[in-house]
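Enquirer: No letters, just coordinates:
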């Protein structure tokens, strides 16, 4: 949250104390939460979180678009990818099979903004150095950008920090400062200019700041939508919608879960790999004499959701078409990496490119199954594999400090 908003936030807290008591009585409390670690100071404005190719990635709400990889056991920053574009107030990143979607739709400044954007980036561009983005422009049905603010406080019900991509649409969940509810709006996932249409409203009695979706649109009763947020005193909660199919959010079960009694935990983003266990980030909170650093938090919701998901967990955030692509081994590596086929009959000739986190191609292997990274610095590399038919898959490999001398 920006500095000029901190004063406004304190005033909002004072004005909102009655709703806090309702929140405390309106949800379950759980103890199965732990702070994994304190995030680096460069992530003081963490606002988005995704689980992609076995890793957590987060970004700040200001500056140049950059994704930071987090160690899931310590919260330490392991690597970063510069996506190469500027934005006004980036509050969410979501994904589908082929694209990342960056939500530049924060709207809590003293004057209401008139333009909202979602930037669509092909996942393969992360590995080929282009970082090309298409733009989805939108406004909300019924939105009046000339609406007044009360003494500079954020009082709009058209702020947004949460979004998921499911099927052919994007679903946005508003952060409603006045009503303390959230409204779900739907948009197409393709570039263009649109009016976001309201689908339904949830009485969350708090401020929604992040969202993630687990499941397949075809699953019957197997999908989970998890929203994170905080109360007027920055006390965190999750609001889970579950037991529904696809995007039929209204025919579902719902539960608000308060997972600690702390205040000042300004949670901003949420992600999951299996629908039962969640990661949440909280940004730096400086107000009311407190200075709380950004955190990575782990939350186990198995108690509530295990009965609604199949026993075998699946990583919805990184689905690819079924195909016998090789794996990379060893991974991590200190130098030599092999392309290993789990089905020997599926082995084929591939063109292999290796890109670093700055978008530079450092290796080009036309034939063979061996990649030599011994002369490359430690870090995360994207391996892009292309068949003779033009099919493409990407994998990541972590290069450890080399034990070999460079020549």
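Expert: On my side now, so go ahead. Keep in mind that what you see is a predicted model, and the values were worked out from it rather than measured.
Enquirer: Okay, now the unreliable bits of the stretch 151-300 of the chain?
Expert: For the stretch 151-300 of the chain, the stretches with pLDDT under 70 are 151-152, 217-220, 288.
Enquirer: what number of residues lie near residue 194?
Expert: Residue 194 is flanked by 18 other residues according to other CB atoms under 10 Å. Placement of C-beta: from N, CA and C, glycine included.
Enquirer: Sticking with it, tell me its helix or strand.
Expert: strand 192-202 (DSSP states H and E).
Enquirer: Can you tell me what sits against that strand?
Expert: Strand 192-202 is contacted by residues 136-142, 171-173, 181-188, 227, 239, 241, 249-250, 254 when judged by CB atoms under 8 Å, 6 or more residues apart in numbering.
Enquirer: hmm, try it at 7 Å
Expert: For strand 192-202, contacts defined as CB atoms under 7 Å, 6 or more residues apart in numbering pick out 136-141, 172, 181-188, 239, 249-250.
Enquirer: What pairs with that strand, parallel or antiparallel?
Expert: strand 134-140 (parallel), strand 182-188 (antiparallel) (DSSP bridges).
Enquirer: most neighbours per residue, which of those?
Expert: Of all those, strand 182-188 carries the top mean neighbour count, a mean of 21, counting by mean count of other CB atoms under 10 Å.
Enquirer: Show me what that one is in contact with.
Expert: With CB under 7 Å, 6+ apart as the criterion, strand 182-188 contacts 136, 138, 140, 168-174, 176, 194, 196-202, 204, 208, 227, 249.
Enquirer: filter the residues you listed to the buried ones?
Expert: 136, 138, 140, 169-174, 176, 194, 196, 199, 202, 204, 208, 227, 249 (16 or more other CB atoms under 10 Å).
Enquirer: Could you save the strands paired with strand 192-202 as a markdown table and add columns showing distance to residue 160?
Expert: Below are these laid out as a markdown table (distance: least, CB to CB, whole Å):
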| stretch | distance to residue 160 |
| --- | --- |
| strand 134-140 | 9 |
| strand 182-188 | 8 |
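Enquirer: Of all those, which one comes closest to residue 352?
Expert: strand 134-140 (27.4 Å; CB to CB).
Enquirer: residue ranges of the helices in the stretch 1-150 of the chain, please?
Expert: Ranges of helices in the stretch 1-150 of the chain, per DSSP state H, counting those that start in this stretch, are 3-15, 17-25, 125-128.
Enquirer: Could you tell me the least trusted of those helices?
Expert: Lowest mean pLDDT within those: helix 17-25, at a mean of 32.
Enquirer: So what are the structural domains in the chain, by residue number?
Expert: 3-318, 327-399 (automatic domain parsing).
Enquirer: Centre of the chain to the first one, how far?
Expert: Spelled out, that is domain 3-318. Its chain's average C-alpha position is 7 Å from that of domain 3-318, according to CA atoms, centre = their mean, to the nearest Å.
Enquirer: how near is residue 78 to residue 282?
Expert: 19 Å (CB to CB, to the nearest Å).
Enquirer: Between those two, which is the more surrounded one?
Expert: Counted by other CB under 10 Å, residue 78 and residue 282 do not tie: residue 282 has more neighbours, with 26 against 16.
Enquirer: so what's the more buried one bridging to?
Expert: residue 267, residue 295.
Enquirer: show me the contacts for it.
Expert: 265-268, 294-295, 297.
Enquirer: Run through the bridge partners of the closest residue to residue 242 other than its chain neighbours.
Expert: With sequence-adjacent residues excluded and distances taken as CB to CB, 6 or more residues apart in numbering, residue 242 is closest to residue 224, at 4.6 Å. Under DSSP bridges, the beta-bridge partners of residue 224 are residue 214, residue 242.
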